[in-house]
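Participant: Build me a structure from this.
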Amino acid sequence: MGIEIERKFLVRGDDWRSTATGIRYRQGYLCNRPGCSVRVRLGGAAAWLTVKGETIGMARPEFEYPVPLSDADGLLALCLQPLIEKVRYRVSVAGLVWEVDEFAGDNAGLVLAEVELSHAGQAIELPSWAGREVTGDPRYYNTNLQRHPFRQWPDRPDLC
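Facilitator: Numbers count the residues shown, from 1 in each chain. Below you'll find the model as predicted:
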């Protein structure tokens, strides 16, 4: 079983863009319930089926499998709507790779950064563009952004 350990932050400014490379992603959920999600993700020339368990702190079980591109669009058509649309950028900071997601569609205006850790106590150097930490805030889980898109939030928080 794989375990995903990550921290998530709101992003402020555009300083991260200077060294970032991005790939457009579309992802949807075949199952999206508390404690378990089954996601289909298509990005660039690759597609995956991912099963994630309940998040406890910063960690959750994760199982990920490649799927043929020819199947990905068909699987996305079966997913709950709306799909999550975003460009994911990879940015290296102090020996770690940060993934910055700039959302589009129903979640346009939201930019989040996450960094995967080898263990929950791992120290990290925060880049200047890392804003408020939202690790553990379920509103920012992609599963919840699918059910409750950012544009529909009545009281959108200050993103920095």
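Participant: okay, now F103: neighbour count?
Facilitator: In terms of burial, F103 registers 22 neighbours under the definition other C-beta atoms under 10 Å. No exception for glycine: its C-beta is placed from N, CA and C like everyone else's.
Participant: Residues in a beta bridge with it, which ones?
Facilitator: Partner residues in beta bridges with F103, using DSSP bridges, are K86.
Participant: wait, isn't it in contact with P82?
Facilitator: No - between F103 and P82 there is no contact under C-beta atoms under 8 Å: 11.3 Å.
Participant: How far away from the center of its chain is stretch 93-106?
Facilitator: Counting by C-alpha atoms, centre = their mean, to the nearest Å, stretch 93-106 is centred 8 Å from the centre of its parent chain.
Participant: make that stretch 68-85, sorry
Facilitator: For stretch 68-85 - counting by C-alpha atoms, centre = their mean - the centre lies 16 Å from the chain centre.
Participant: Could you do stretch 7-20 as well?
Facilitator: The chain centroid and the centroid of stretch 7-20 are separated by 14 Å, computed with C-alpha atoms, centre = their mean.
Participant: which residues touch it?
Facilitator: 58, 89-92, 98, 100, 111-115, 117, 124, 126-135, 140, 159-160 (C-beta atoms under 8 Å, 6 or more residues apart in numbering).
Participant: could you dump it to CSV, C-alpha only?
Facilitator: Taking Å, rounded to 0.1, in the frame of the first residue of the first chain, the C-alpha atoms of stretch 7-20 are listed here in CSV:
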residue,chain,number,x,y,z
ARG,A,7,1.3,19.7,2.9
LYS,A,8,-0.8,22.2,1.0
PHE,A,9,-0.6,26.0,0.8
LEU,A,10,-2.5,28.8,-0.9
VAL,A,11,-0.2,30.6,-3.4
ARG,A,12,0.4,34.3,-3.5
GLY,A,13,1.9,36.3,-6.4
ASP,A,14,3.5,34.9,-9.5
ASP,A,15,7.2,34.6,-8.5
TRP,A,16,6.9,30.8,-8.8
ARG,A,17,6.2,31.0,-12.5
SER,A,18,9.8,31.9,-13.6
THR,A,19,11.1,28.4,-13.3
ALA,A,20,7.8,26.4,-13.6
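Participant: Kind regards, and thank you for your time.
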